[in-house]
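**Student:** here is a sequence together with a model predicted from it:
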Amino acid sequence: MMNKICIPCLVGGTLFFTGCATTSMQVSPEVLQQREILKTELKTKSVALLSDSCLLRSELGTSHVAAQQSRQTAEKLSAEVKDQFNQYGVDVIVNAHPFLCGYMPEQQLKKYDIKYDVDGKRQEIKYPVLNDSELANNQQQNLAILHLYQAVNLQNAQQLENARYPKKAKPIGELNLTDDEQNTLKTFAQSPYLVLVSSAGVDVSFGKNFLITGLSAGIAVATLGAGSPMAVFYMPAEGQTYTLNIVDLDKKKIVHGWSEHLPNKVFAKNNHDIGVIHPLWGLFETAPIKK
């Protein structure tokens, strides 16, 4: 039986994830060199960490954002990622989770309701969904973070689209950020490296389950309006995943990415747990071979 192994690859100068692909390939010398350079940079210059989570309860009628579980997931993801960076000698000098569903464009997010507490009432969503009251008044910073999320979402979608249709592949360049946004983010991060961790998950009700048969998970490169530099954030049909991206703010580029399934149920009302995750596989660690 052929082994499955998760390895990083170099795409357009970016050290990027391939996911868990069936392969017997070894990591190329070019990828290894890029990885070593990045590891040294991260240890020398430290990183800032932003986490985000968007968990939906998919129901007949209007689905809703489960804000409490989304908040818990974002906090536990950021704590775990920070701890693992520290274990490899990388300081995390900023650790924040300012929004819920920050990667989802406003036009898409407003199609859902929200429950701020498990036993609370459903409400209409007011965009953006703030998760940190201390950051609420810094509008310039908030807009820069949201624009960064949309730029990363669009590039991740294009990376997957290029892999799916290589003959129609489009070049991946700089993130779509203005110079003012770049400077705002660098001031916030206190570092040229910003680590973005985002999770997405869908808990499907029994009645809705019959309606989604045949849907596949993934990210759609559909734009929201003519010329709009945003991609629809396509949620998993069911279950939950997380993605890690490292952004070089000096270059306005994603320099490393990783995606993995979240093993535990994150919709639990009590005893919330994200399970065991491996966000630094492919960078500081080698992913184990899976039979």
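**Tutor:** Alright, I've got the coordinates. Numbers count the residues shown, from 1 in each chain.
**Student:** contact partners for Leu56?
**Tutor:** Listed by Cβ atoms under 8 Å, 6 or more residues apart in numbering, the contact set of Leu56 reads 63-66, 112, 201-203, 235. C-beta: built from backbone N, CA, C; applies to glycine.
**Student:** hang on, it in a strand?
**Tutor:** Yes - applying DSSP: H, G, I helix; E, B strand; the rest coil, one finds Leu56 inside a strand.
**Student:** and which of the contacts of Leu56 is nearest Lys43?
**Tutor:** Gly201 (32.1 Å; Cβ to Cβ).
**Student:** tell me how many other residues surround that closest one.
**Tutor:** 24 (other Cβ atoms under 10 Å).
**Student:** I'd say it and Val266 touch.
**Tutor:** Yes - with contact defined as Cβ atoms under 8 Å, Gly201 and Val266 form a contacting pair (5.9 Å).
**Student:** of the contacts of Leu56, closest to His278?
**Tutor:** For the contacts of Leu56, the nearest to His278 is Gly201 (17.8 Å; Cβ to Cβ).
**Student:** quick one, strands of the chain?
**Tutor:** 4-11, 14-22, 47-58, 64-66, 92-96, 99-100, 113-115, 123-124, 129-130, 193-204, 239-248, 253-261 (DSSP state E).
**Student:** closest one to Leu143 among those?
**Tutor:** strand 99-100 (11.4 Å).
**Student:** skip the chain neighbours and tell me the closest residue to the spatially most central residue of the chain.
**Tutor:** Central residue of the chain (Cα atoms, centre = their mean): Ser198, 3.1 Å from the mean position. Nearest residue to Ser198, sequence neighbours excluded (Cβ to Cβ, 6 or more residues apart in numbering): Asp52, at 4.5 Å.
**Student:** count the neighbours of the closest residue to Phe284 other than its chain neighbours for me.
**Tutor:** Spatially, and ignoring its direct neighbours in sequence, Phe284 is nearest to Tyr88 (4.5 Å; Cβ to Cβ, 6+ apart). Using other Cβ under 10 Å, the number of residues around Tyr88 comes to 13.
**Student:** list the contacts for Tyr88?
**Tutor:** 39, 43, 280, 284.
**Student:** nearest to Thr187 among those residues?
**Tutor:** Among the contacts of Tyr88, and counting by Cβ to Cβ, the member closest to Thr187 is Lys43, at 22.2 Å.
**Student:** ok, that closest one touching Gln87?
**Tutor:** No - Lys43 is not in contact with Gln87 according to Cβ under 8 Å; the separation is 12.0 Å.
**Student:** remind me, longest helix of this protein?
**Tutor:** In the chain, with assignment by DSSP state H, the single longest helix is helix 139-164.
**Student:** and that one with strand 193-204, angle?
**Tutor:** 70 degrees (axes from the mean of the first three to the mean of the last three Cα atoms, to 10 degrees).
**Student:** and helix 139-164, what's its mean pLDDT?
**Tutor:** For helix 139-164, the mean pLDDT works out to 90.
**Student:** what's it packed up against?
**Tutor:** strand 99-100, helix 179-189, strand 193-204, strand 239-248, strand 253-261 (3 or more Cβ pairs under 8 Å, 6 or more residues apart in numbering; DSSP states H and E).
**Student:** list the buried residues for that helix?
**Tutor:** 141-142, 144-162 (16 or more other Cβ atoms under 10 Å).
**Student:** what about stretch 264-280, how long is it end to end?
**Tutor:** 19 Å (Cα to Cα, to the nearest Å).
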